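> this is the structure alone, sequence omitted:
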Ligand SMILES: [Zn+2]
Ligand SMILES: [Zn+2]
C-alpha cells in the first residue's frame, strides 16, 4: 500500500506548477454580442478582441481606437479578422456600409487601394 506524497514534500515544484497552469479562463458574451474574458490580474472583464489586437500589436491599444471584426462575425477573434480603426468609421461600417473602406470610411474601394487624404467626414487622415 502506497502512501500519497504530501504536498509539503515538494512545495517549490507544486508552487511552480500552480502558476504555470492557468485556471480555466472565464468567458462570456456581452449584451452587444462580443466575447469577453475575466482578467484575474486586472480583476475585471476584458473584451477579447481588444486584447487579441493588443497582443498582436505588442502594446496597449489607444482608447480612441475601436477594434472591428472584418468579416462581421463578432465571435471570430482571429487576428486576421481584426482591425483597429476610428470610432466614426467603425460606426459607419456597422450602420451604413459594411464594405466601406476601413481607412477613410468611403464606399467603393478597399483600404488597400485607399489614397484618400481625408476621411468620409472631411477630416484629415495621416499619410501612409
Ligand atoms: Zn465592428
Ligand atoms: Zn478609403
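Structure's in. What do you need? Because the structure is predicted, anything quoted here is derived from the model rather than measured. Ligands and ions are numbered 1, 2, ... in the order given.
> tally of neighbours for the closest residue to residue 114 other than its chain neighbours?
In space, and not counting its chain neighbours, residue 114 is closest to residue 103: 4.5 Å by CB to CB, 6 or more residues apart in numbering. (Each C-beta comes from the backbone N, C-alpha and C, glycine too.) Close neighbours of residue 103, defined as other CB atoms under 10 Å, add up to 22.
> which residue ranges of the protein form strands?
Counting by DSSP state E, the chain has these strands, from start to end: 27-29, 35-39, 44-47, 66-69, 82-85.
> out of these, the one nearest ligand 2 is which?
Nearest to ligand 2, of all these, is strand 82-85, at 11.0 Å by CB to the ion.
> neighbouring contacts of that closest one?
Applying CB atoms under 8 Å, 6 or more residues apart in numbering, the contact partners of strand 82-85 are 49, 52-53, 56-57, 61, 65-70, 93, 102-103.
> same deal with stretch 31-43?
Counting by CB under 8 Å, 6+ apart, 23, 25-30, 44-49, 51, 74-75, 77 sit against stretch 31-43.
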